[in-house]
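> Whatever this is, show me its structure:
(one chain, ligands or ions: 1)
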Amino acid sequence: MNGCQAQSERAVPVVTVDGPAASGKGTLAAGLAQALGFHLLDSGVFYRMLGWKALQSGVGLERVVALVNLAAELTPQFRGEEIWLDGENISLSLRRQEVGTAASKVAVLPEVRLALLRLQRLARRLPGLVADGRDMGTVVFPDATCKFFLTASVETRAERRHKQLIEKGLSSTISLLLQEISERDARDESREAAPLKPAADALIIDTTLIAAADVLALALRHCRQCLA
Ligand code: C5P
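Numbers count the residues shown, from 1 in each chain. I've put the predicted structure just below:
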């Protein structure tokens with residue numbers, strides 16, 4: 001379980017960063033992408049976009065066919081840090097707690113996951129990709145060169161998410177976040193399709209007591225060995 005996989009000569013290298021909500025995977029993935037000069041895929045955005053669209057259009061979060069149709073119609077535009085859908089900048093809306101909850105509800109459905117797979121794999125382009133999510137190393141890019149799985153205590157994660165939301169001007173409380181994150185973890189871990197779990201060949205890092213900069217330094221050393 002060393003987190004490295006032999007790389008075929010022509011394959012576009014992929015580094016995967018999976019883990020539960022607010023485990024630090026977004027920060028690590030962005031840092032790795034910048035340091036390696038690779039593209040970045042935040043796969044949660046696709047589930048959030050679908051959750052957002054379903055809430056907007058009043059489509060029930062268990063209506064498989066309607067959700068698959070919505071997924072097929074998603075034509076997001078990524079403009080720098082901004083995400084636009086249907087002519088609207090939805091970057092901030094996607095971060096709302098109810099959108100995260102809706103995302104994890106639609107993510108339970110295998111048909112929805114399949115409908116979003118192609119969009120995620122399109123992001124695999126030279127010179128390489130860092131992909132962050134729940135099933136990047138297990139399902140979407142099982143042949144990734146280097147795989148990480150981050151964990152952290154649920155209390156630490158709730159505090160981090162609280163800080164992130166405040167920085168974005170969105171309100172919440174730690175106790176609400178603790179509840180929301182625990183429910184989301186349970187749903188993500190127990191679903192049958194692509195449950196949240198480390199790939200057999202992932203390097204597992206518990207970030208509870210490690211500063212983000214140290215997690216990045218450790219992961220980067222490991223990536224450079226895998227990619228060499
Ligand atoms: O990572 P983020 O919090 O943005 O993801 C929102 C939800 O989307 C997660 O709770 C999870 O249910 C779902 N998701 C998933 N597979 C991924 C990424 C996100 O099921 N690769």
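> Please make it C-alpha for all contacts and neighbour counts, starting now.
Fine.
> any low-confidence regions in the protein?
1-10 (pLDDT under 70).
> Just give me the neighbour total for the closest residue to the ligand within the chain.
Closest approach between the chain and the ligand, counting by Cα to the nearest ligand atom: S104, at 3.1 Å. Using other Cα atoms under 10 Å, S104 has 21 neighbouring residues.
> do D86 as well
11.
> Now do the phi/psi pair for it.
Main-chain dihedrals, D86, degrees, to the nearest 10: phi 50, psi 40.
> follow-up on the earlier one: thought the residue of the chain closest to the ligand was touching Y47?
Yes: in this structure, S104 is within contact of Y47 by Cα atoms under 8 Å, at 7.3 Å.
> buried ones in the helix or strand containing L114?
Element membership for L114, per DSSP states H and E: helix 110-121. Of all the residues in helix 110-121, those buried under the rule 16 or more other Cα atoms under 10 Å are 111-113, 115-116, 119-120.
> any idea where the helices of this structure begin and end?
For the chain, the helices defined by DSSP state H occupy 25-36, 44-57, 64-72, 91-94, 97-106, 110-121, 154-167, 174-190, 212-227.
> which outside residues touch the third one?
The list of residues contacting helix 64-72 from outside it, by Cα atoms under 8 Å, 6 or more residues apart in numbering, reads 50, 53-54, 59, 61, 106, 109, 111-112, 115-116.
> coming back round to it: dump the residue contacts of the residue of the chain closest to the ligand.
By Cα under 8 Å, 6+ apart, the contact list for S104 reads 47, 184, 187-188.
> most neighbours, which of those residues?
Counting by other Cα under 10 Å, top hit in those: Y47 with 24 neighbours.
> Quick check: it vs A202, distance?
Computed as Cα to Cα, to the nearest Å, the Y47 to A202 distance reads 23 Å.
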